[in-house]
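*Asks:* predicted model and sequence follow; I will ask about them next.
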Amino acid sequence: MATVLERVLPPDWRPVLEKVRRGERLSGEEGLRLLTSNRLTPLGALADEARRLRAGDQVYFNNNAHINYSNVCAIHCRFCAFGKSRNHPEGYAYSIGQIVEKAAAYARLGVTEFHMVGGLHPDLPFDWYLDMLRAVKAAAPEAHLKCFTAIEMLHFSKISGLPLEEVLSRLKEAGLGSMPGGGAEIFAPRVRNIICKPKETAEEWLWVHDTAHSLGIKSNATMLYGHVERPEEIIDHLLRLREQQDRSGGFQAFIPLAFHPANTDLSDLPGPTGYLDLRVVAVARLLLDNFRFIKSYWVMMSPRMAQISLAFGANDVDGTVREEKIYHMAGAVTPQLQTPEELLSLIWEAGRIPAERDTLYNVIHEYPARPPEGWRPLLVGDAAAAADVAPSGPPSVPLTLTDLEEVEA
Ligand code: SF4
């Protein structure tokens, strides 16, 4: 007898389902056919099956904080609202002392990861970044430092005159734990010419990650969608990531990033639709068979869409975040913080099993498949709005089920 999944699938998608069940790789043509279809329900069911078979039912989150150390940037990407020139009134750069103060306060809140990225500052020397990592590590020795995108790594190589391998090795010695995945945008040169001409090429982005992986530095991979890209270019991007993962194996999560046009040179574009958000997550899950984690980044996608995407192949919702400037300067209206209770609520309501992880996907805390007696879903943003997210705020965010039960009581 046909299963529900088999019944909802269009007949010409059955071979794709068979491939997913046999653990076979999908082709680019199959990915393109799925991405350009408007049959959202069967696409979600197919991706959910792939997620279930490849990655199980746990959904991961972490207790992290973003520190965007400076937005001063020597180049200008048309899609970016964050980077500012040296003399721009909104340009800023924290001192190492200010960064350490934030890090120490966040560490008291139980944060296990600092995500630190910034613009390409024209004046700061490479030693400043090494000193910053050492100082943060000294202030928060338990925390993992996930820092600097590929373009920042290339910038460090340029300003220091050191080969990329040496730059990465010195950063690792100073405390770098892993790299985020930003800056990949869309690999196709046609798109890069329009949205980020001065940035690194696709080949350079992949080379930086390849080199990091060869040094034992894990990283993430991203794709910025919902601007001027074509469906074929999305598929090309995903296939190039899949090939790179086959080669170097150091990517942890794939994170699709929804474009926010406000305050950018591309503000006349409408940005992605909800349909596109979900289709991209689903097709990424189906094509990226060598990525265990597909992350729905709630800051860009909204907590509500991130929650729905859990039925479309995603199995990670990022973390608490607490302080985010890059997408909020581009008009994101999402909160700055999702508390652990809100993330738990979001996952439980979707019928999935929450797990708090560290940056390298070791599980720190397992939660039961079902919420405690009397639990009710939190409205997204409720707890965040009530919480003190300032770095010097009280360390009151509950992280364990015991704590949660006390709060509920
Ligand atoms: S995307 Fe990065 S490199 Fe480009 S302008 Fe913004 S901060 Fe600078």
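*Replies:* On my side now, so go ahead. Residues are numbered from 1 along each chain as shown.
*Asks:* where does this structure have low pLDDT?
*Replies:* The chain contains residues with pLDDT under 70 at 1, 323-328, 330-337, 379-409.
*Asks:* mind running it again at 80?
*Replies:* 1-2, 4, 319, 321-338, 376-409 (pLDDT under 80).
*Asks:* for it, which residues are neighbours of the ligand?
*Replies:* Within the chain, the residues that sit near the ligand (C-beta under 6 Å from any ligand atom) are Cys73, Ile75, His76, Cys77, Cys80, Phe82, Gly83, Gly119, Leu120, Ile151, Cys196, Lys199. Placement of C-beta: from N, CA and C, glycine included.
*Asks:* now rank those by neighbours and give me the top one.
*Replies:* Gly119 (27 neighbours; other C-beta atoms under 10 Å).
*Asks:* close enough to count as contact, that one and Val72?
*Replies:* Yes: Gly119 lies in contact with Val72 (C-beta atoms under 8 Å); the separation is 5.2 Å.
*Asks:* what sits against the closest residue to Phe126 other than its chain neighbours?
*Replies:* Closest residue in space to Phe126, ignoring its immediate chain neighbours: Ser160 at 3.8 Å, by C-beta to C-beta, 6 or more residues apart in numbering. The contact partners of Ser160, taken as C-beta atoms under 8 Å, 6 or more residues apart in numbering, are Pro125, Phe126, Val167.
*Asks:* mind checking how far Ser160 is from Leu154?
*Replies:* Separation of Ser160 from Leu154 (C-beta to C-beta, to the nearest Å): 11 Å.
*Asks:* one step back: what subset of the contacts of Ser160 is buried?
*Replies:* When those are checked for burial by 16 or more other C-beta atoms under 10 Å, the buried set is Phe126, Val167.
*Asks:* helix/strand/coil for Gly119?
*Replies:* With DSSP: H, G, I helix; E, B strand; the rest coil as the basis, Gly119 sits in coil.
*Asks:* what of Phe114?
*Replies:* Once three-state DSSP is applied, Phe114 turns out strand.
*Asks:* okay, and the beta partners of it?
*Replies:* Ala65, Leu145 (DSSP bridges).
*Asks:* how many other residues sit next to it?
*Replies:* Other residues within reach of Phe114 by the criterion other C-beta under 10 Å amount to 26.
*Asks:* hmm, it is touching Glu142, no?
*Replies:* No: assessed by C-beta under 8 Å, Phe114 is found out of contact with Glu142, at 11.0 Å.
*Asks:* list residues touching both of these two?
*Replies:* In terms of C-beta under 8 Å, 6+ apart, Phe114 and Glu142 are not both contacted by any residue.
*Asks:* can you tell me the element Ala212 falls in?
*Replies:* Following DSSP states H and E, one finds Ala212 within helix 202-214.
*Asks:* for the longest helix seen in the chain, packing partners?
*Replies:* As assigned by DSSP state H, the longest helix anywhere in the chain is helix 231-248. Counting contacts by 3 or more C-beta pairs under 8 Å, 6 or more residues apart in numbering; DSSP states H and E, helix 231-248 packs against helix 28-35, helix 202-214, strand 218-225, strand 251-258, helix 274-287.
*Asks:* now do it and helix 274-287, the angle between them.
*Replies:* 30 degrees (axes from the mean of the first three to the mean of the last three C-alpha atoms, to 10 degrees).
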